[in-house]
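Novice: give me the fold of what follows.
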Amino acid sequence: MSSAESGVRQNETALARQALTEQLKLLSLSFPALLLVGFIVLIPMGWLFWLSFLDADGFTLAHYERLLHPSYGLTLRTTFELAFLVTAVCVVLGYPLAYIAAQMSPRAARIVLLCVLFPFWTSLLVRTYAWLVLLQRRGQLNTWLQDWGLTDAPLRLVHNFTGTAIGMVHIMLPFMILPLYAAMKSIDENYMRAAANLGASPVQAFWQIHVPLSLPGLGAGVMVVFVLSLGFYVTPALLGGGRVMMWAMQIERSLAVYSDWGAASALGVVLLVITLAMLWLFSRLTGAVNAAAGGR
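Specialist: Got it, this is the predicted structure:
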């Protein structure tokens, strides 16, 4: 081996050692954050998983076998039906609003975003009770409908699936609008002008250029709204009136009424696994859609 080749190899080894040292330094800087995540997230999840296999007699699968009862299946179906419905309605309502805000002047957009963020200044519990007042049989909404002659009798808008969905949509809508607005605001307007110069109509430019470019924001909003909807407790408990049972309420009942940590842990573990599976599937679908859009 010549001296030149030996020198090159020594340089490569030194560069590799230097890169490893830098990676270890970066890892050491992030170690406190990783440790915090481990204590706050991973350790409680592991403890939850362990409790789901324990009872007074030791190791058992009884908590998971109990979940095969039809009542748990009905509760799980209700939970996912509400989560999917709320997510879909938030997409239908949030996408046009985010698009309009992105097309406005900066000052007008700030006013719109202020209105979107305004509900966050009020407690979730207060907002839920406000909907309970508005939607009840003698509430303001039914009063208006009857005064205008649109209905002959009060509509049943609370203590059912409809009222629960309305309240959840109101609370979840900002979580859909904000990532959508951020993604739309980052889209270069020259793309739309280029599409128009190439002969595309405004509708074609919107569907073929703007919508694919806004998919990352849409995907982020969908995931946030869907995951938060799965774990909702306050709004379904109040607006559902005990007739709409979600798994978060089932977990609370297992703890508050029966003091059964094993059953509650099994419910939490199953919900977590299903949620992670849904997120994985959604990420795969989103990746496939983005790849197809990029291919076009």
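Novice: any regions of this structure where pLDDT drops low?
Specialist: 1-8, 10, 286-296 (pLDDT under 70).
Novice: if we go to 80?
Specialist: 1-16, 19, 24-30, 34, 55-58, 254, 256-260, 283-296 (pLDDT under 80).
Novice: show me where it has its helices.
Specialist: 3-37, 43-51, 62-66, 70-103, 106-117, 124-135, 140-147, 161-185, 189-197, 202-205, 211-230, 234-239, 247-256, 261-295 (DSSP state H).
Novice: quick check: closest non-adjacent residue to the residue nearest in space to the middle of the chain.
Specialist: Nearest residue to the geometric centre of the chain (C-alpha atoms, centre = their mean): V224, 1.9 Å. Nearest residue to V224, sequence neighbours excluded (C-beta to C-beta, 6 or more residues apart in numbering): F175, at 4.9 Å. (C-beta placed from N, C-alpha, C; glycine too.)
Novice: quick check: the one you found vs L272, distance?
Specialist: 20 Å (C-beta to C-beta, to the nearest Å).
Novice: tell me which of those two has more neighbours.
Specialist: F175 (20 against 15; other C-beta atoms under 10 Å).
Novice: residues contacting the more buried one?
Specialist: 90, 221, 224-225, 228 (C-beta atoms under 8 Å, 6 or more residues apart in numbering).
Novice: and those, which is closest to S214?
Specialist: The nearest member of these to S214, counting by C-beta to C-beta, is G221 at 10.0 Å.
Novice: how close does the residue nearest to that closest one when sequence neighbours are not counted get to L74?
Specialist: In this structure, G221 finds its nearest non-sequential neighbour in M176, 4.1 Å apart by C-beta to C-beta, 6+ apart. Computed as C-beta to C-beta, the M176 to L74 distance reads 28 Å.
Novice: who's more crowded, those two?
Specialist: M176 (29 against 11).
Novice: touching, the more buried one and V92? I think so.
Specialist: No - using C-beta atoms under 8 Å, M176 is not in contact with V92; the gap is 9.8 Å.
Novice: shared neighbours of those two, anything?
Specialist: By C-beta under 8 Å, 6+ apart, no residue touches both M176 and V92.
Novice: closest to A153 out of the helices of the chain?
Specialist: Short answer: helix 140-147, nearest of the helices of the chain by C-beta to C-beta, at 7.9 Å.
Novice: quick one: contacts of that closest one?
Specialist: 133-136, 151-155, 157.
Novice: that helix: which residues count as buried?
Specialist: Buried positions in helix 140-147, judged by neighbour count with 16 or more other C-beta atoms under 10 Å: 141-142, 145.
Novice: any chance of JSON lines for these, columns distance to V126?
Specialist: JSON lines is the format used below for the buried residues of helix 140-147 (distance: C-beta to C-beta, whole Å):
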{"residue": "L141", "distance to V126": "18"}
{"residue": "N142", "distance to V126": "21"}
{"residue": "L145", "distance to V126": "24"}
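Novice: return the closest of those with respect to M168.
Specialist: Closest to M168, out of all of the buried residues of helix 140-147 and judged by C-beta to C-beta, is L141, at 16.9 Å.
Novice: check the gap between that closest one and R243 for me.
Specialist: Distance from L141 to R243, by C-beta to C-beta: 19 Å.
Novice: please apply the same query to D57.
Specialist: Taken as C-beta to C-beta, the span from D57 to R243 is 36 Å.
Novice: quick one: which of these two has more around it?
Specialist: More crowded of D57 and R243, by other C-beta under 10 Å: R243, with 14 against 7.
Novice: check contacts around the more buried one.
Specialist: R243 neighbours (C-beta under 8 Å, 6+ apart): 159-160.
Novice: isn't Y95 up against L180?
Specialist: Yes - contact criterion C-beta under 8 Å: Y95 and L180 qualify, at 6.2 Å.
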